[in-house]
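Participant: I would like the atomic coordinates for the input below:
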Amino acid sequence: MKYTVIQPPYSRDRSRSDACFDFKMNLLDTLDSSVDVIVLPEYSDVPCAASTREEILADRAKYMDALMEKCRETAIRCQAVVFVNALVEADGELRNTTIAIGRDGQRIGEYYKRHIPPLELDAGIGHEYTEEFTPPPVIEIDGVRYGFLTCYDFYFYEAFAAMARQNMDVIIGCSLQRSDSHDALEIMCRFLAYNTNAYVVRSSVSFSEDSVVCGASMIVS
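Facilitator: Predicted coordinates:
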């Protein structure tokens, strides 16, 4: 199978939001039917840094519909499975959600981020569902068992044994990590792959080409 990881540009300058979003959409337009699975980063509906709930909601209102339609169109055109992370309304709150879109353009599963960092809590991102244990979810597509972690989830190793017991084949990691070094991010992904006996497919956003943090999208065997 051919996996494609999207790593769009990212900026703390919110005036670049349109440009960063358009870059991501144009990357999707370059893909064809040779692709089997496509993975986009966390908060794909918030293309540049947002620090308040008002900014997050404004971006979601502006970009969410276009993002989901583009992912749906891409899944159908490429006959590929698309994993994209965005804010989704569920049980009266906005949740950080990784969405699985099938080859027919229909949603076939979701994963809600389990560990919500302070910035998201301060912005009012939904988290009450995290207060009770739920086993690691698995979505099986074309015989492949997919598991999920989102950004901050990678730091909580106690989940790894439970994920290993689910016999996952591939772990999808949508991320917006902007402070750890490339070496640290690689160590975490390799540790996850080794302990779960699964491939790890990580998509994140990127600062400048010479940045020593952020980015580091990767596939780990």
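Participant: residue closest to the middle of this structure?
Facilitator: Centroid-nearest residue in the chain, with CA atoms, centre = their mean: Cys174, separated by 2.3 Å.
Participant: Chain neighbours aside, what residue packs nearest to it?
Facilitator: Leaving aside its chain neighbours, Cys174 sits nearest to Asn85 (3.7 Å; criterion: CB to CB, 6 or more residues apart in numbering). For every residue, glycine as well, the C-beta is placed using N, CA and C.
Participant: what kind of secondary structure is Cys20 in?
Facilitator: What DSSP: H, G, I helix; E, B strand; the rest coil gives for Cys20 is helix.
Participant: contacting residues for it?
Facilitator: Pro8, Pro9, Tyr10, Ser11, Pro47, Cys48 (CB atoms under 8 Å, 6 or more residues apart in numbering).
Participant: so which helix or strand takes in the residue nearest to Cys174?
Facilitator: strand 81-90 (DSSP states H and E).
Participant: list the buried ones in that strand?
Facilitator: Going by neighbour count (16 or more other CB atoms under 10 Å), the buried part of strand 81-90 is Val81, Val82, Phe83, Val84, Asn85, Ala86, Leu87, Val88.
Participant: Can you tell me which helices and strands the helix or strand where Leu67 lies packs against?
Facilitator: Element membership for Leu67 (DSSP H and E) is helix 53-78. Contacts defined by 3 or more CB pairs under 8 Å, 6 or more residues apart in numbering; DSSP states H and E place helix 53-78 against helix 17-29, strand 37-39, strand 81-90, strand 93-101.
Participant: do that again at 6 Å, thanks
Facilitator: Judged by 3 or more CB pairs under 6 Å, 6 or more residues apart in numbering; DSSP states H and E, helix 53-78 is in contact with helix 17-29, strand 81-90.
Participant: how about that helix: buried residues?
Facilitator: For helix 53-78, using 16+ other CB under 10 Å, the buried residues are 55-57, 59-60, 62-64, 67-68, 70-72, 74-76, 78.
Participant: do the same with stretch 202-221
Facilitator: So for stretch 202-221, counting by 16+ other CB under 10 Å, buried means Arg202, Ser203, Ser204, Val205, Ser206, Cys214, Gly215, Ala216, Ser217, Met218, Ile219, Val220.
Participant: Need those in JSON lines (columns: secondary structure).
Facilitator: Below are the buried residues of stretch 202-221 laid out as JSON lines (three-state DSSP):
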{"residue": "Arg202", "secondary structure": "strand"}
{"residue": "Ser203", "secondary structure": "strand"}
{"residue": "Ser204", "secondary structure": "coil"}
{"residue": "Val205", "secondary structure": "coil"}
{"residue": "Ser206", "secondary structure": "strand"}
{"residue": "Cys214", "secondary structure": "coil"}
{"residue": "Gly215", "secondary structure": "coil"}
{"residue": "Ala216", "secondary structure": "coil"}
{"residue": "Ser217", "secondary structure": "coil"}
{"residue": "Met218", "secondary structure": "strand"}
{"residue": "Ile219", "secondary structure": "strand"}
{"residue": "Val220", "secondary structure": "strand"}
